[in-house]
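Just to be clear, the model below is a prediction. Sequence and coordinates:
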Amino acid sequence: MPGAAILSPALFVGAPTGEFRLTQLFDRAAAAGRLHGLRLEGLWMHVGTPEAITEAEQAIVRASTG
């Protein structure tokens, strides 16, 4: 399932150099009681292109009209 995350720069303090799995950092944060998350039950869309903005605007209109 795709997702989005907002990660604190503090999560990366002491992180390995080069490629590594984020689960290493998540496990460390969980052990410290600092890992939290929320599930978005609504619609999430990217708006990184003009076409995507149009699609998002149309989705908003559809959602507001029922």
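Cool, the structure landed. Numbers count the residues shown, from 1 in each chain.

wait, what's in contact with residue 24?
The contact partners of residue 24, by CB atoms under 8 Å, 6 or more residues apart in numbering, come to 15-16. Placement of C-beta: from N, CA and C, glycine included.

got the residue ranges for the strands in this structure?
In the chain, no strands are defined using DSSP state E.

residue nearest the centroid of it?
residue 4 (1.6 Å; CA atoms, centre = their mean).

quick one: contacts for that residue?
So residue 4 contacts residue 44 (CB under 8 Å, 6+ apart).

distance of it from residue 38?
11 Å (CB to CB, to the nearest Å).

cool, and residue 28?
For residue 28 relative to residue 38 (CB to CB), the value is 20 Å.

do residue 58 as well
26 Å.

And these two? Which one has more around it.
Neighbours per residue (other CB atoms under 10 Å) separate residue 58 from residue 38, with residue 58 holding more: 10 against 5.
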